[in-house]
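Q: Dropping the sequence and predicted coords here.
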Amino acid sequence: MASTHRRSRLDRRRSLWPFVVPSALIIISVQIYPLAYALYLSFTDFYLGAASSNFIGLQNYVSLLAQDRVWSALRVTLSLVVVSILIEFVLGLLLALALYKLVRGAKLFSTLMFVPYLITPVVAALFLRWVFASRWGLADALIASMNIFPPDWLGAPSWAFVTLVVADIWQFTPFIMLILFAGLQGINPSLLEAGRIDGASGARLVWHVILPALRPQILFVLAIRLMDAFRTFDSIYVLTGGGPGTATETMTLYTYMLAFKQLEVGRASAMGVLTLLVVTGLILMVISVVYRRDKGAF
Amino acid sequence: MQRTSKSLVGRLARTGTMLAGALAIVMATSAGPATAQDGKPVRLVSHRYPALEFYAEKMKSALPGVAVTTDLMPNAQAAELQTITLSSGSDSIDILWGNDLTITNFAANGWLEPLDEFFEKYKDEFKLDDIAPAALNAVSYNGKKYALPILTNTMLFAYREDVFKDKGLTPPATFEDYEKAAKALHSPAMAGTVMTLKGEGTMNEAHWYLNAIGDGWFDKDGKPVFNSPNGVKAIETMKRMAQFAPRGYTANGNDESTILFQQGAAAMGLQWLTRTGAMENPQQSRVIGKMNWVAPPGGKQIVVADSYAISRFSSKNKDTLFRLLAATLSAANQREGSDRAVPTRISVLQDPELQQRYRYYRVLVPALQNATSFPKFPEFKEVSELVSRRIVQAVTGEMPVQQALDTGAKEAEEFLTRRGFYKR
């Protein structure tokens, strides 16, 4: 009886295999295979145009880690990610709270504020390029109309960085706002009421009641934005091209330069693997910080 | 009920198996070799500026019965698309625009069709002996011709004649004159000089300084000399001149610098010869008749030859593709396009009517006589990416000049060593 039951369970499992195969094939072909191939290439000296390639072990990694340019790219990437996400998170939370408080028009406002996120990043970057263009850009015109001499938005190293942060904030704050707003709507009103009865209001209510209740959404937006911000390419490529010099060159930009300007595919693959490791490390860190009191939540 | 559920699972399982099979077949076939594309139009991938737009348009009707589609885009994007396509051995590009750097690089990689056989076969039909030998030399690598030269392009020194007259200045003949004039004319409304340091623009601009003041890029053994004492002096001069450049000069490409001149927002600076015509365009320019050109102070500015090459991987008939190119670059077309670029055919260059018609023709000969091309080794294209970043860091003050150039030299040498350049 037991063996019949087991066989029937095995038959049933076997009959489910065909459902798994298509997705497995797709995942293998578009994710596992490219990743494995990139990993393989990272151990070779392959460059575009080379007749053949040689296995060189960890040489690509060693020489990349010895390059100032890689560390500079890592510094720029981390600065860009930390500054952008921090501001986006604060702004997104404030906007979400404001929308939550709004009695009427919340849907309309959230839709309007979500528009920048809906624009294709390249198009948004091209639009911003004209906003920040020297002399004839919108930002210059606005500042000059107030009799202030505008800064060199894209040409000066420090301002180019600020411009990229502004561009990122403009485009991605709505995403954070929307997720947190959705989270706020899921909070049990009795929790807030209980907080108020206990004497909490304003910032204390946000800190002690709302933020803990929003932890799953916070983790989600931070993890998604962290991955997104790390691989940001389009807007930087269009706005500054990583310049001036290497002032705004991120890890993805440098990977691109290695692959398509210097044609060093082996090194570019190693750089990609290093980026993957850094992002994974950071996401694990975010998870451990946000869930430090609930060990085992993941 | 259970039976119904079992049979439903069974049916779904069968459908799933069939779908999986179909997907596997689709994936297997799509992963196979590229199919021949005969019957499809010839595809040109090219950089975009007025002269190239003109020739791309001419190509569409150059040979009866040969349909052509053209994809024109900025320089960097065109080169990237070409590199990715050719390195994968794809036949999706038939004809490609190239310059000295890309043609040498692509030819060395074996991605271009050698054209000597076709030159010999069609020299009478298309009067190919009329093409200037210097232009043919620019598209040759290891003694073989790999492209048909479209135009010779160099940088002239553009200046606002009216503004210079108002200030009692004469066009600069030396770098000292250039600096003095830029200082005298620089104001919030008008930049003393344009500087084009976006992407490859850095190499063009630095090429002039490094060759006129410094010792060039590399010595005869391929060792970097751009960081020599004279090279440092050259880039320090460039850094001083950057004080008089418009805001955003490091993000300015040729398009932006052209607009600055057209809008009357720049007093002088290097300008590609192919951009001079845009100054006289009534729909775009506010400075019609106000611009003039001289040979750049100190000479040694960049000279390039833009050309059309045939992809080795094209599935089209190469004979037809060559005839298409030769017909596109006929003497008649070059004469018609002479207002946008310097032709490569001797008969057109020597046309007295053209010499009289175009103002820049009179400075063209002295400018070309002193111009120099980029070092001609295949890896220079890749090396230039490393070095140009360091030059911008030096010019913007992100790094001291000597340190930036030394870093660039070290990186360039490491790169060339890795590629086996010094063992050849």
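A: Thanks, I have it. Numbers count the residues shown, from 1 in each chain, chains lettered A, B, ... in the order given.

Q: pLDDT weak spots in chain A?
A: Low-confidence segments of chain A (pLDDT under 70): A:1-3, A:292-298.

Q: Dead centre of it: give me the residue that sits there.
A: Nearest to the mean C-alpha position of chain A, counting by C-alpha atoms, centre = their mean, stands A:Asp228 at 1.9 Å.

Q: so which helix or strand takes in the closest residue in space to that one that isn't next to it in sequence?
A: Nearest residue to A:Asp228, sequence neighbours excluded (C-beta to C-beta, 6 or more residues apart in numbering or on different chains): A:Phe172, at 7.2 Å. No exception for glycine: its C-beta is placed from N, CA and C like everyone else's. Secondary-structure assignment from DSSP states H and E places A:Phe172 in helix A:157-185.

Q: now for that helix, which elements pack on it?
A: helix A:68-101, helix A:106-118, helix A:121-131, helix A:215-230, helix A:234-239 (3 or more C-beta pairs under 8 Å, 6 or more residues apart in numbering or on different chains; DSSP states H and E).

Q: After the helix-or-strand element of chain B with minimal mean pLDDT, which helix or strand is next? Please name it.
A: Lowest by mean pLDDT, DSSP states H and E among the helices and strands of chain B is helix B:2-30, with a mean of 44. Moving toward the C-terminus from helix B:2-30, the next helix or strand (DSSP H and E) is strand B:42-47.

Q: What strands line up against that next one, and which way round?
A: As defined by DSSP bridges, the strand partners of strand B:42-47 come to strand B:68-73 (parallel), strand B:95-98 (parallel).

Q: right, and these - which one's nearest B:Phe377?
A: Set against B:Phe377 and scored by C-beta to C-beta, the strands paired with strand B:42-47 come closest in strand B:95-98, at 15.8 Å.

Q: Who are the packing partners of the helix or strand just after that closest one?
A: Heading C-terminal from strand B:95-98, the first helix or strand you meet, by DSSP H and E, is helix B:100-108. Contacts defined by 3+ C-beta pairs under 8 Å, 6+ apart place helix B:100-108 against helix B:75-87, strand B:140-141, strand B:303-310, helix B:380-395.

Q: Skipping adjacent residues, who's closest to A:Gly155 in space?
A: Spatially, and ignoring its direct neighbours in sequence, A:Gly155 is nearest to B:Gly248 (4.0 Å; C-beta to C-beta, 6+ apart).

Q: Apologies, that question was intended for A:Tyr254.
A: A:Ala73 (4.3 Å).

Q: which residues touch the one you found?
A: Residues in contact with A:Ala73 (C-beta atoms under 8 Å, 6 or more residues apart in numbering or on different chains) are A:Thr246, A:Glu249, A:Thr250, A:Met251, A:Leu253, A:Tyr254.

Q: which parts of the stretch 251-400 of chain B sit against chain A?
A: For the stretch 251-400 of chain B, the residues in contact with chain A (C-beta under 8 Å from any C-beta of the partner chain) are B:251-252, B:256, B:259-260, B:263, B:265, B:382, B:385-386, B:389-390, B:392-393, B:396, B:398-399.

Q: change it to 7 Å
A: B:Ala251, B:Ala265, B:Glu382, B:Glu385, B:Arg389, B:Val392, B:Gln393, B:Thr396, B:Glu398 (C-beta under 7 Å from any C-beta of the partner chain).

Q: my read: the first one touches A:Trp153, true?
A: No: assessed by C-beta atoms under 7 Å, B:Ala251 is found out of contact with A:Trp153, at 8.4 Å.

Q: so how many other residues sit close to the closest residue to chain A within the stretch 301-424 of chain B?
A: The stretch 301-424 of chain B approaches chain A most closely through B:Gln393 (3.5 Å), counting by C-beta to the nearest C-beta. By other C-beta atoms under 10 Å in any protein chain shown, the residues close to B:Gln393 number 24.

Q: Relative to B:Arg424, how far out is it?
A: 30 Å (C-beta to C-beta, to the nearest Å).

Q: B:Thr85 too?
A: 27 Å.

Q: neighbour count winner among these two?
A: Taking other C-beta under 10 Å, B:Thr85 and B:Arg424 do not tie; B:Thr85 has more neighbours (19 against 7).

Q: I'd like to check which residues are in contact with the more buried one.
A: By C-beta atoms under 7 Å, 6 or more residues apart in numbering or on different chains, the contact set of B:Thr85 is B:Ser92, B:Ile93.

Q: Try it again at 8 Å.
A: Per C-beta under 8 Å, 6+ apart, neighbours of B:Thr85: B:Val45, B:Ser92, B:Ile93, B:Ser311.

Q: Kindly report the same for B:Asp71.
A: Shown in contact with B:Asp71 (C-beta under 8 Å, 6+ apart): B:Arg43, B:Leu44, B:Val45, B:Ser46, B:Leu81.

Q: and with 6 Å instead?
A: Applying C-beta atoms under 6 Å, 6 or more residues apart in numbering or on different chains, we find B:Asp71 in contact with B:Val45.

Q: For the helix or strand harbouring B:Thr237, enumerate the helices and strands it packs against.
A: If you go by DSSP H and E, B:Thr237 is part of helix B:229-241. If contacts are counted by 3 or more C-beta pairs under 6 Å, 6 or more residues apart in numbering or on different chains; DSSP states H and E, helix B:229-241 sits against helix B:201-212, helix B:380-395, helix B:401-418.

Q: could you redo these as a markdown table and give each row mean pLDDT?
A: Compiled in a markdown table, the helices and strands packed on helix B:229-241 are given as follows (pLDDT from 0 to 100):
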| stretch | mean pLDDT |
| --- | --- |
| helix B:201-212 | 95 |
| helix B:380-395 | 92 |
| helix B:401-418 | 95 |
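
Q: Based on its surroundings, how many neighbours for A:Val20?
A: Using other C-beta under 10 Å, A:Val20 has 11 neighbouring residues.

Q: got it, and B:Val387?
A: With neighbours defined by other C-beta under 10 Å, the count for B:Val387 comes to 26.

Q: The spatially closest residue to it that is not a sequence neighbour and B:Val232, how far apart?
A: Among residues not flanking B:Val387 along the chain, B:Gly408 sits closest, at 4.3 Å (C-beta to C-beta, 6+ apart). Going from B:Gly408 to B:Val232 by C-beta to C-beta gives 12 Å.

Q: B:Asp319 too?
A: As judged by C-beta to C-beta, B:Asp319 and B:Val232 stand 52 Å apart.

Q: For these two, indicate the residue with more neighbours.
A: For B:Asp319 versus B:Val232, neighbours defined as other C-beta under 10 Å are more numerous around B:Val232 (20 against 12).

Q: Hmm, the more buried one is touching B:Ala404, no?
A: No: the pair B:Val232 and B:Ala404 fails to qualify as a contact (C-beta atoms under 6 Å) at a distance of 9.5 Å.

Q: Pull the number of nearby residues for the residue nearest to A:Leu184 when sequence neighbours are not counted.
A: Of all residues not flanking A:Leu184 in the chain, A:Tyr100 sits nearest, at 4.5 Å (C-beta to C-beta, 6+ apart). Here the number of neighbours of A:Tyr100 (other C-beta under 10 Å) works out to 15.
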